[in-house]
Each structure stands twice: as C-alpha cells, then as structure tokens.
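> Quick one, fold the following:
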Amino acid sequence: MTRESGDGGREAGPDRESGIGNRESMDTNPGPEGVAGRAPTADGSGSIPDHALSRRQAIGLAAAAAALPVLDWTDAQAQHAAQLVRRAAPGVASQAPTFFTADEWELVRLLVDYLIPKDAKSGSATDAKVPEFMDHMMSDPEASPASRLAMRGGLAWLDAESRRRFGTAFVASADAQRRAILDDIAWPARARPEMSHGVAFFNRFRDLTASGFFSSAIGYSDLDYRGNVFVAEWTGCPPEALRKLGLE
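Below you'll find the predicted structure:
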C-alpha cells in the first residue's frame with residue numbers, strides 16, 4: 001500500500017500497492033425494518049436505532065441500494081458541507097452525527113482513515129473531520145434519496161461481506177481481513193463481477209473522502225495551497241515543480 005499524494009510528496013509505505021491509503025489515486029478521477037422496529041425511510045434518511053442491524057437487514061439494505069444510482073452530489077453541496085465543518089468549535093474531536101447511526105459512524109471513521117491515514121506530512125481523514133463532512137452531506141436537505149440509500153447500503157454491504165467471510169462485522173474484523181475486502185473492491189478493473197456493488201460504493205466513497213479531506217485546512221496544507229496571496233515579485237515556476245513536470 002502506498003501513501004503517495006498527488007503532489008508526489010509521500011513516500012511508499014511498507015505494504016504492497018493498494019487502492020487504499022493512496023492519495024494520488026484519489027486525484028484521478030422501502031428499507032429493512034430497524035432492530036427496534038424503526039425503519040429507515042425510503043430515502044435512507046429515517047431514524048435507525050444506535051446499534052447494529054441484523055445480518056438479514058443489512059443484506060436487504062445493501063441489495064436495495066444496489067438497484068439505485070450511487071453516491072452523487074453537487075459542488076455547492078460539497079462547499080456548504082466543508083464550510084459547516086470549518087465553522088465547528090475548535091478542539092472538538094468529533095461531533096455527534098445527524099445522519100449516521102452509531103455503528104455506521106464507527107465504520108465511516110474507520111474506513112476514511114484506511115483511505116487517507118495519518119503520516120509524516122499531515123493528519124488523517126478523521127483529523128480533517130471527513131466523517132463530519134460526510135454527515136453534513138448526507139443530512140443536507142438537497143441530498144438525493146438515492147445517495148442516502150446508497151451510503152447506507154454500501155456500509156451495510158461491507159458489514160455483510162465481512163460477516164460472510166469472517167463471521168464478524170467489518171469494524172470487529174482483523175486489519176488483514178479488512179484490507180482483504182477493500183483490496184477486492186478498490187481496483188475496478190481487477191474486481192470480480194460479484195464485487196460490483198462493493199466496487200461502485202467504494203469508488204464514490206473514496207471520492208467523497210477526498211473531497212472532504214482536500215477542502216479542509218489539513219488538506220489545504222497537504223497540497224500547499226496558498227489561495228489569493230499577494231506576490232510582490234514573480235520569479236517563475238519553482239525548480240522542483242519544473243523537475244516534477246520534466247520541464248527543466
């Protein structure tokens with residue numbers, strides 16, 4: 001697994017190359033009844049008890065989501081969610097989610113850090129409050145019903161697949177077991193046909209993770225983004241940038 005970013009500043013990690021933990025790869029491109037009888041609504045936004053769905057319910061939710069378009073959003077929705085995250089009280093480690101259940105929240109926080117882990121250059125996706133960004137996106141009144149159901153269904157798919165293979169929920173599985181599942185859905189061209197639902201979800205979840213991270217203060221710093229800064233004297237493109245582009 002590599003930890004190289006789009007700016008080429010990451011060094012390769014000790015693991016094999018993977019579609020997870022790779023920031024460069026991000027730059028390319030009616031539901032089942034709840035455990036306590038409170039079902040999510042048809043748009044996926046309904047209240048669900050803060051404990052696990054049964055395996056049958058999770059599979060049913062994943063199957064329902066598979067029939068709908070995957071996660072989608074507008075630039076305006078992403079910008080609004082990023083603004084809400086930046087306005088959050090400083091020093092608050094994590095806000096209680098509005099859209100996600102407690103179990104989904106734990107899974108989302110785990111999954112985003114597989115995609116963008118903390119390293120020597122910057123913090124992780126959770127440090128950048130990417131889960132909060134996603135929660136704002138899903139809670140937005142303009143969020144499509146299909147997106148909400150696709151999110152819940154994709155998370156349910158991960159849990160169902162983990163239980164099928166290893167007999168435990170994704171969060172409770174060993175690190176190697178989680179990576180085995182993620183590696184099976186992180187590379188669309190290599191994925192087996194039966195993994196298609198997981199691949200579709202993971203591709204968009206990865207995009208959403210990147211959107212949240214690179215619109216945060218940590219993400220800006222990671223990219224060395226400087227915005228509209230006054231330049232008293234233009235000295236040309238930095239030599240290191242020219243070298244990277246092969247234009248020396």
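> Please enumerate the helices of this protein.
Ranges of helices in the chain, per DSSP state H, are 23-26, 55-66, 75-86, 102-115, 130-139, 145-166, 175-185, 196-214, 217-223, 239-245.
> deepest of these, which one?
helix 130-139 (a mean of 25; mean count of other Cβ atoms under 10 Å). All C-beta spots, glycine's among them, are computed from the backbone N, C-alpha and C.
> pLDDT averaged over that one, what's the number?
Here helix 130-139 scores 89 as its mean pLDDT.
> about what we covered before: figure out which of the helices of the chain is closest to F230.
helix 217-223 (17.6 Å; Cβ to Cβ).
> Report all helices and strands that that closest one contacts.
helix 196-214 (3 or more Cβ pairs under 8 Å, 6 or more residues apart in numbering; DSSP states H and E).
> Report the angle between the helix it packs on and helix 102-115.
Counting by axes from the mean of the first three to the mean of the last three Cα atoms, to 10 degrees, helix 196-214 lies at 70 degrees to helix 102-115.
> quick one on the thing from earlier: show me the one of the helices of the chain that comes nearest G123.
helix 217-223 (4.9 Å).
> re the thing from before, could the helices of the chain be laid out in a markdown table, adding distance to S124?
What follows is the helices of the chain, written out as a markdown table (distance: least, Cβ to Cβ, whole Å):
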| stretch | distance to S124 |
| --- | --- |
| helix 23-26 | 11 |
| helix 55-66 | 26 |
| helix 75-86 | 15 |
| helix 102-115 | 5 |
| helix 130-139 | 8 |
| helix 145-166 | 19 |
| helix 175-185 | 15 |
| helix 196-214 | 9 |
| helix 217-223 | 9 |
| helix 239-245 | 25 |
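> E233 is nearest to which of these?
helix 239-245 (16.3 Å).
> Tell me how many other residues crowd P117.
18 (other Cβ atoms under 10 Å).
> measure it to L110 for me?
11 Å (Cβ to Cβ, to the nearest Å).
> Equivalent analysis for M137, please.
From M137 to L110 the distance is 18 Å (Cβ to Cβ).
> Then W187?
20 Å.
> what does A176 give?
From A176 to L110 the distance is 14 Å (Cβ to Cβ).
> Same check on K129?
15 Å.
> OK, contacts around the nearest residue to L158 once chain neighbours are set aside?
Spatially, and ignoring its direct neighbours in sequence, L158 is nearest to F170 (4.8 Å; Cβ to Cβ, 6 or more residues apart in numbering). When contacts are counted by Cβ atoms under 8 Å, 6 or more residues apart in numbering, F170 touches 107, 110, 158-159, 161-162, 178, 181.
> for those residues, which one is nearest F213?
L110 (15.3 Å).
> where does the residue lying closest to the closest one once chain neighbours are set aside fall, phi/psi-wise?
Distance criterion Cβ to Cβ, 6+ apart; nearest residue to L110, sequence neighbours excluded, is V171 at 5.8 Å. When quoted as degrees, to the nearest 10, the phi and psi of V171 stand at phi -60, psi -30.
> contacting residues for V171?
Per Cβ under 8 Å, 6+ apart, neighbours of V171: 103, 106-107, 110.
> Then A128?
116, 212-213, 216-219.
> 7 Å instead?
212-213, 216, 218-219 (Cβ atoms under 7 Å, 6 or more residues apart in numbering).
> Specify which member of those is nearest to P97.
Closest to P97, out of all of these and judged by Cβ to Cβ, is G212, at 13.8 Å.
> And G123, how close does it get to P117?
9 Å.
> Against T101, how distant is S162?
17 Å.
> so where's the protein shaky on pLDDT?
Along the chain, segments meeting pLDDT under 70 span 1-95.
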